[in-house]
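Novice: Fold the following, please.
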Amino acid sequence: MIGGGAVVEDGLYNPGDNPLDPNVNFQSLERATDVGEYYPVYFQYDSSMVPPEEASKVAAVAELLKATPAVVLVVEGNCDERGTNEYNISLGERRALAVREQLIALGVDGARVQTVSYGEERPADAGHDENAWVKNRRADFAFYRR
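Specialist: Numbering: from 1, shown residues only. Prediction:
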(Lines give C-alpha, C1' and ligand atoms only; values in the text may rest on other atoms or scores of the structure.)
Protein backbone atom coordinates (compact mmCIF):
# COMPACT_ATOMS: atom_id res chain seq x y z
CA MET A 1 0.00 0.00 0.00
CA ILE A 2 1.38 3.36 -0.97
CA GLY A 3 0.01 6.86 -0.58
CA GLY A 4 -3.25 6.13 1.20
CA GLY A 5 -4.29 2.97 -0.55
CA ALA A 6 -2.74 3.00 -4.01
CA VAL A 7 -1.70 -0.53 -4.85
CA VAL A 8 1.30 -0.53 -7.13
CA GLU A 9 2.13 -4.18 -7.67
CA ASP A 10 4.52 -3.69 -10.59
CA GLY A 11 6.36 -0.75 -9.00
CA LEU A 12 5.11 1.59 -11.71
CA TYR A 13 2.43 4.22 -11.53
CA ASN A 14 -0.46 3.40 -13.82
CA PRO A 15 -3.35 5.70 -14.77
CA GLY A 16 -5.72 3.59 -12.65
CA ASP A 17 -3.59 3.96 -9.51
CA ASN A 18 -4.82 6.30 -6.81
CA PRO A 19 -3.19 9.72 -6.62
CA LEU A 20 -0.74 10.57 -3.87
CA ASP A 21 -2.16 11.05 -0.42
CA PRO A 22 -1.10 14.57 0.60
CA ASN A 23 -0.53 13.33 4.15
CA VAL A 24 2.16 10.82 3.13
CA ASN A 25 5.71 11.84 3.96
CA PHE A 26 7.72 10.87 0.87
CA GLN A 27 10.73 10.14 3.06
CA SER A 28 8.82 7.11 4.40
CA LEU A 29 8.78 5.61 0.89
CA GLU A 30 11.46 3.51 -0.82
CA ARG A 31 14.42 5.55 -2.03
CA ALA A 32 14.71 5.58 -5.85
CA THR A 33 18.38 4.80 -6.37
CA ASP A 34 18.23 4.06 -10.08
CA VAL A 35 17.27 7.48 -11.45
CA GLY A 36 20.79 8.73 -12.08
CA GLU A 37 22.80 11.46 -10.44
CA TYR A 38 21.41 14.96 -10.18
CA TYR A 39 23.67 17.68 -8.85
CA PRO A 40 22.67 20.14 -6.12
CA VAL A 41 21.43 23.61 -6.95
CA TYR A 42 23.79 26.15 -5.38
CA PHE A 43 22.74 29.55 -4.03
CA GLN A 44 24.41 32.86 -3.35
CA TYR A 45 24.99 33.98 0.23
CA ASP A 46 21.74 34.80 2.07
CA SER A 47 19.66 34.21 -1.08
CA SER A 48 16.84 31.86 -1.98
CA MET A 49 16.72 32.87 -5.65
CA VAL A 50 17.78 30.08 -8.01
CA PRO A 51 20.72 31.56 -9.94
CA PRO A 52 20.30 31.49 -13.74
CA GLU A 53 23.41 29.31 -14.09
CA GLU A 54 21.74 26.65 -11.90
CA ALA A 55 18.44 26.54 -13.83
CA SER A 56 19.57 23.70 -16.10
CA LYS A 57 19.87 21.42 -13.05
CA VAL A 58 16.26 22.11 -12.13
CA ALA A 59 15.18 21.56 -15.74
CA ALA A 60 16.92 18.15 -15.82
CA VAL A 61 15.05 17.07 -12.69
CA ALA A 62 11.77 18.31 -14.18
CA GLU A 63 12.35 16.17 -17.28
CA LEU A 64 13.08 13.12 -15.11
CA LEU A 65 9.92 13.61 -13.06
CA LYS A 66 7.74 14.11 -16.15
CA ALA A 67 9.18 10.96 -17.73
CA THR A 68 8.84 8.75 -14.61
CA PRO A 69 5.46 9.22 -12.89
CA ALA A 70 6.26 6.63 -10.20
CA VAL A 71 9.05 8.84 -8.84
CA VAL A 72 8.41 11.62 -6.32
CA LEU A 73 10.87 14.14 -4.95
CA VAL A 74 11.90 15.79 -1.72
CA VAL A 75 13.88 19.00 -2.26
CA GLU A 76 16.25 19.42 0.69
CA GLY A 77 17.23 23.00 1.51
CA ASN A 78 20.59 23.62 3.16
CA CYS A 79 22.64 26.58 4.39
CA ASP A 80 26.15 27.40 5.47
CA GLU A 81 26.89 27.81 9.17
CA ARG A 82 26.55 31.58 9.30
CA GLY A 83 23.32 32.91 10.77
CA THR A 84 21.20 31.62 13.62
CA ASN A 85 19.79 28.12 13.52
CA GLU A 86 16.25 29.50 13.22
CA TYR A 87 17.21 31.80 10.36
CA ASN A 88 19.01 29.02 8.50
CA ILE A 89 16.05 26.65 8.82
CA SER A 90 13.86 29.37 7.30
CA LEU A 91 16.38 30.16 4.54
CA GLY A 92 16.78 26.47 3.72
CA GLU A 93 13.01 26.14 3.39
CA ARG A 94 12.84 29.17 1.10
CA ARG A 95 15.57 27.63 -1.07
CA ALA A 96 13.74 24.32 -1.30
CA LEU A 97 10.47 26.11 -2.11
CA ALA A 98 12.17 28.18 -4.83
CA VAL A 99 13.34 24.98 -6.53
CA ARG A 100 9.88 23.43 -6.11
CA GLU A 101 8.24 26.48 -7.72
CA GLN A 102 10.58 26.24 -10.70
CA LEU A 103 9.76 22.55 -11.09
CA ILE A 104 6.04 23.37 -11.08
CA ALA A 105 6.60 26.14 -13.64
CA LEU A 106 8.32 23.52 -15.82
CA GLY A 107 5.25 21.27 -15.74
CA VAL A 108 5.82 19.01 -12.73
CA ASP A 109 2.74 18.26 -10.60
CA GLY A 110 3.32 20.03 -7.29
CA ALA A 111 1.80 17.07 -5.41
CA ARG A 112 4.90 15.08 -6.39
CA VAL A 113 7.36 17.50 -4.80
CA GLN A 114 7.80 18.00 -1.06
CA THR A 115 10.33 20.23 0.67
CA VAL A 116 12.36 20.00 3.84
CA SER A 117 14.96 22.29 5.37
CA TYR A 118 18.01 21.07 7.22
CA GLY A 119 19.39 24.56 7.75
CA GLU A 120 23.07 24.20 8.60
CA GLU A 121 22.71 20.66 10.03
CA ARG A 122 23.88 18.68 6.96
CA PRO A 123 26.96 20.40 5.57
CA ALA A 124 28.46 19.03 2.37
CA ASP A 125 31.80 20.43 3.57
CA ALA A 126 32.59 20.77 7.28
CA GLY A 127 35.11 23.58 6.74
CA HIS A 128 34.71 27.07 8.15
CA ASP A 129 35.62 29.25 5.16
CA GLU A 130 34.12 30.47 1.90
CA ASN A 131 35.31 27.34 0.03
CA ALA A 132 33.19 25.21 2.37
CA TRP A 133 30.28 27.62 2.69
CA VAL A 134 29.71 27.80 -1.07
CA LYS A 135 29.18 24.00 -1.11
CA ASN A 136 26.73 24.17 1.79
CA ARG A 137 24.37 26.80 0.31
CA ARG A 138 22.38 24.31 -1.74
CA ALA A 139 19.23 22.36 -2.45
CA ASP A 140 19.65 18.59 -2.82
CA PHE A 141 17.32 16.20 -4.63
CA ALA A 142 16.09 13.02 -2.90
CA PHE A 143 14.00 10.75 -5.12
CA TYR A 144 11.51 8.15 -3.85
CA ARG A 145 9.19 5.58 -5.43
CA ARG A 146 5.49 5.66 -4.73
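
Novice: Residue 89 should be in a strand, yeah?
Specialist: No - Residue 89 sits outside any strand when classified using DSSP: H, G, I helix; E, B strand; the rest coil, being helix.

Novice: which non-adjacent residue is nearest it?
Specialist: Once flanking residues are discounted, residue 89 sits nearest to residue 119: 4.1 Å by C-beta to C-beta, 6 or more residues apart in numbering. Bear in mind the C-beta positions are built from the backbone N, C-alpha and C, glycine included.

Novice: who's in contact with that neighbour?
Specialist: 77, 78, 79, 85, 88, 89, 91, 92 (C-beta atoms under 8 Å, 6 or more residues apart in numbering).

Novice: Go again with 6 Å.
Specialist: 79, 85, 88, 89, 92 (C-beta atoms under 6 Å, 6 or more residues apart in numbering).

Novice: Out of those residues, the closest to residue 132 would be?
Specialist: residue 79 (12.1 Å; C-beta to C-beta).

Novice: how near is the residue nearest to residue 89 to residue 101?
Specialist: To residue 101, residue 119 is 20 Å away according to C-beta to C-beta, to the nearest Å.
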